[in-house]
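A.B. asks: let me see the structure of the following:
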Amino acid sequence: MTEFTALMSSMTRSGDGWAVSVSDDWLQGRTIYGGLAAALCMQAALNEFGAVPPLRSAQIAFVGPAPGPLQLRASVLRKGKSTLFASVDLVGEAGLATRAMFCFGAARESAFAHVETGTPELKAPEHCPDFFRRAPPTLRFLEHIEGRHMGGSMPFSGSEDPQMMLWLRHCEPGIQPSLVALLALADAPPPAASVRSTTPSPISTMTWSIDMLTDEITTDDGWWLIRNVAEQIAGGYSSQAMTLWNRNGRPIMASRQNIAVFG
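C.D. replies: Numbers count the residues shown, from 1 in each chain. Okay, the predicted model is just below:
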């Protein structure tokens, strides 16, 4: 197995871009899973541009599968006094796999401070049941991620309430909180739409839109809490809202995903 930190540090310069090979233990079926693709794109951007302002938002399209050796190319779309818009393409043996656009922006003085995102009643992850213990063998990447079920429904339980709340952290001991590591975790849970079904069926994330709620990517003991809520399921697609907090209940990230639901 390749630890997450070692995988990110193995990315090397290749021509005008970056190259990395992902071992089979990070695969979801025949491709790397979306969270890892997003993390690799972010790492390539950081490698390419060095010190950048904090991330403010990101839009990520999962265009196709990403097997085999991967190539990443980061480019500047626009650079201003306080902001940087950048794009990253991740290409595999089958062609373009992921296209990401990142908006980095320096903080500025503001006359207003408002937080609408609330914090759920927290139950310590140590007191919550294991979530991934029954994961199918095709989801190899879950060998690297620990999950605890804090609330909502379980996948393929036939529940009428399509939402779930999970504690997540990397299994790698001593991994430091970072935006790159957080992106890899935030897409690890199955979509909330999966709880409506009673039997496993293919589900694939198509797009992921992210808004960062703070500059400080910190937590305790590596744990992050995420809540996924399916707001719409129809016509073979689902739109879900996702909120992520740190161990102390501070909101860190708000995001949305559009998901293809088969079967």
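
A.B. asks: part of a strand, is residue 217?
C.D. replies: No. Counting by DSSP: H, G, I helix; E, B strand; the rest coil, residue 217 is not found in a strand; it is coil.

A.B. asks: so it touches residue 179, yeah?
C.D. replies: Yes. Contact criterion C-beta atoms under 8 Å: residue 217 and residue 179 qualify, at 5.3 Å. Any C-beta I mention is one placed from the backbone N, CA and C, and that applies to glycine too.

A.B. asks: which residues sit against stretch 113-131?
C.D. replies: Here stretch 113-131 makes contact (C-beta atoms under 8 Å, 6 or more residues apart in numbering) with 146-151, 165-167, 169, 189, 213, 223, 225, 227, 243, 245, 249-251, 254.

A.B. asks: could you rerun that using 6 Å?
C.D. replies: If you take C-beta atoms under 6 Å, 6 or more residues apart in numbering as the criterion, stretch 113-131 is touched by 147-150, 166-167, 223, 249, 251.

A.B. asks: now do the helices in this protein.
C.D. replies: Assigned by DSSP state H, the helices in the chain fall at 4-9, 34-49, 179-186.

A.B. asks: please render the ones you listed as CSV that adds mean pLDDT to the earlier fields.
C.D. replies: Below are the helices of the chain laid out as CSV (pLDDT from 0 to 100):
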stretch, mean pLDDT
helix 4-9, 97
helix 34-49, 97
helix 179-186, 97
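
A.B. asks: out of these, flag the one nearest residue 259.
C.D. replies: Residue 259 lies closest to helix 34-49 among those, at 10.1 Å (C-beta to C-beta).

A.B. asks: helices or strands up against the closest one?
C.D. replies: Counting contacts by 3 or more C-beta pairs under 6 Å, 6 or more residues apart in numbering; DSSP states H and E, helix 34-49 packs against strand 70-79, strand 83-92, strand 95-105, helix 179-186.

A.B. asks: who touches that helix?
C.D. replies: Here helix 34-49 has contacts from 8, 18, 26, 60, 62, 66, 72, 74, 86, 88, 90, 98, 100, 102, 180, 183-184, 187-188, 205, using C-beta under 6 Å, 6+ apart.

A.B. asks: dump it to PDB, keeping only the CA atoms.
C.D. replies: The C-alpha coordinates for helix 34-49 follow below in PDB (Å, rounded to 0.1, in the frame of the first residue of the first chain):
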ATOM      1  CA  GLY A  34     -13.000  11.400  -7.500                       C
ATOM      2  CA  GLY A  35     -11.600  12.700  -4.200                       C
ATOM      3  CA  LEU A  36      -8.200  11.500  -5.100                       C
ATOM      4  CA  ALA A  37      -8.400  13.000  -8.500                       C
ATOM      5  CA  ALA A  38      -9.300  16.400  -7.000                       C
ATOM      6  CA  ALA A  39      -6.500  16.100  -4.500                       C
ATOM      7  CA  LEU A  40      -4.000  15.300  -7.200                       C
ATOM      8  CA  CYS A  41      -5.200  18.400  -9.200                       C
ATOM      9  CA  MET A  42      -4.800  20.600  -6.100                       C
ATOM     10  CA  GLN A  43      -1.300  19.200  -5.500                       C
ATOM     11  CA  ALA A  44      -0.300  19.800  -9.100                       C
ATOM     12  CA  ALA A  45      -1.500  23.400  -8.700                       C
ATOM     13  CA  LEU A  46       0.500  23.900  -5.600                       C
ATOM     14  CA  ASN A  47       3.600  22.300  -7.200                       C
ATOM     15  CA  GLU A  48       3.300  24.600 -10.200                       C
ATOM     16  CA  PHE A  49       2.500  27.900  -8.600                       C
END
